[in-house]
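In: Pasting the sequence and the predicted coordinates here, then a few questions.
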Amino acid sequence: MDFIRVQELHKSFVYYRKEAGLKNSLKNLFARKSLVKEAVKSVSFDIGPGECVGFLGPNGAGKTTTLKMLSGILYPTSGEADVLGYVPWERKNEFKRLFSIVMGQKNQLWWDLPASESIYLNKCIYDVDDDLYRRSLAELSEMLDVQELLDVQVRRLSLGERMKMELIAALIHRPRLLYLDEPTIGLDFPSQKKVREFLKYYNEQFGATILLTSHYMKDVEDLCKRTIIINEGSLLYDGDLHKINDLFGEHKIIRLQFSEPVAEQRLAKFGKIVTGDGYNAVLELPKHRLKEVSRAVLDSFPIVDWTIEDVPIEESISMLYRKESVG
Ligand SMILES: Nc1ncnc2c1ncn2[C@@H]1O[C@H](COP(=O)(O)OP(=O)(O)OP(=O)(O)O)[C@@H](O)[C@H]1O
């Protein structure tokens, strides 16, 4: 049975344009111009139990709007969703106990109180029994290495420490489903890594299902085998993250370093020059030309070093955003 089933989900926002100035404010009182933004357009997908799925798209693609509908914060304009057997926007209490949503850009903890107080409040709201609460708090705070900080006022914590507390508060009732909206935004690399390791542990240890949005590709590469990509509200791709490269024909990258400058015109006949500054160049070419081009390049230029790599996944995803749809 599917854990999340989304069918033709659609969300339009009606909003009003308000021009600046007192005169325009008065004019708006009598004649407001309404505009419609279609944030999510007939999106459908299924997610199975225990899956960890990356939910990607450029700014304004409709990711947060979709997550808000799937957690019952927003009503859709049309379409259906079944999440763990519930219709999210009916907001049944039993449903609310089964999931958590963590937003990297929003603080859900009490700012002036220690994180332990907000965590305890969630224990009471979710009616977590004392034994499970003690075990979960000890386990989660140890995993995230923040035991010493639980009793520090939230406003005195660093961004990374606060995000770890947000995660503990969100997971104290052991939800089966976790929506994560940019959980590593603004964190330094060690904190990003720690949060990723922790999410992996939570997914594996408790079989939790995770739907993750992030603009850091490393988050998605480390955690999610499957990726759903949307742009301008429409679904563009649903599948294996690393198969995105195949959509554009298999290409490879050759990275070259020369002992003396090489003119770009001489390189151009071997492939598309991605970057080049005389002493270094990056060429992109179809995989079937790899052998022939490698040999020719090695014979023709004063090579100091060279490597062959896959096209970076970010590059393919940007190409996907620029295309209207993929057949
Ligand atoms: N309440 C609202 N009223 C009008 N338009 C809205 C509202 N909320 C969101 N939008 C618009 O809907 C579109 C999708 O927004 P959404 O926040 O879902 O994007 P996103 O994919 O999460 O983007 P980001 O990566 O920047 O967070 C945007 O163009 C946004 O301006």
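Out: Cool, got the structure. Residues are numbered from 1 along each chain as shown.

In: and stretch 221-235 with the ligand, contact?
Out: No - for stretch 221-235, no contact with the ligand is found by CB under 6 Å from any ligand atom; the gap never falls below 7.0 Å. Glycine gets a C-beta too; all of them are placed from N, C-alpha and C.

In: With adjacent residues omitted, what lies nearest to S136?
Out: I172 (5.4 Å; CB to CB, 6 or more residues apart in numbering).

In: same question, E264
Out: G276 (5.3 Å).

In: What's opposite the one you found in the beta bridge?
Out: On the basis of DSSP bridges, G276 is bridged to A281.

In: picking that back up, does the residue nearest to S136 touch N122 like I think?
Out: Yes - the pair I172 and N122 passes the contact test of CB atoms under 8 Å, sitting 5.2 Å apart.

In: so what sits against both of the two?
Out: Here I172 and N122 have V128 as joint contacts, going by CB atoms under 8 Å, 6 or more residues apart in numbering.

In: how far away is the closest residue in space to K18 that isn't next to it in sequence from the ligand?
Out: Nearest residue to K18 in three dimensions, chain neighbours excluded: N28, at 5.5 Å (CB to CB, 6+ apart). N28 sits 17 Å away from the ligand, taking CB to the nearest ligand atom, to the nearest Å as the criterion.

In: N28 and G21, how far apart?
Out: 10 Å (CB to CB, to the nearest Å).

In: More neighbours: which of the two?
Out: N28 (14 against 9; other CB atoms under 10 Å).

In: count of residues packed around Y126?
Out: 15.

In: and it, what does it touch?
Out: 97, 172-173.

In: Likewise for Q257?
Out: 279-280, 303-306.

In: related to what we said a few turns ago, hang on, the residue nearest to K18 in a strand?
Out: No - assignment of N28 by DSSP: H, G, I helix; E, B strand; the rest coil gives helix, placing it outside any strand.

In: Quick check, it in contact with A20.
Out: No - the criterion here is CB under 8 Å, and N28 misses it with A20 at 10.8 Å.

In: hmm, back to that, and I172 and N122? Which one has more around it.
Out: I172 (23 against 20).

In: how near is that one to S100?
Out: 9 Å.

In: before we move on, the earlier item: near the ligand, which of the contacts of Q257 show up?
Out: Counting by CB under 6 Å from any ligand atom, no member of the contacts of Q257 reaches the ligand.

In: Separate out the buried members of these.
Out: Taking 16 or more other CB atoms under 10 Å as the criterion, what is buried in the contacts of Q257 is W306.

In: Mind putting the contacts of Q257 into CSV with pLDDT?
Out: Shown next, in CSV, are these (pLDDT from 0 to 100):
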residue, pLDDT
Y279, 93
N280, 94
I303, 92
V304, 93
D305, 93
W306, 92
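
In: and which of the contacts of Q257 is nearest the ligand?
Out: Within the contacts of Q257, distances to the ligand taken as CB to the nearest ligand atom reach their minimum at N280, with 32.7 Å.
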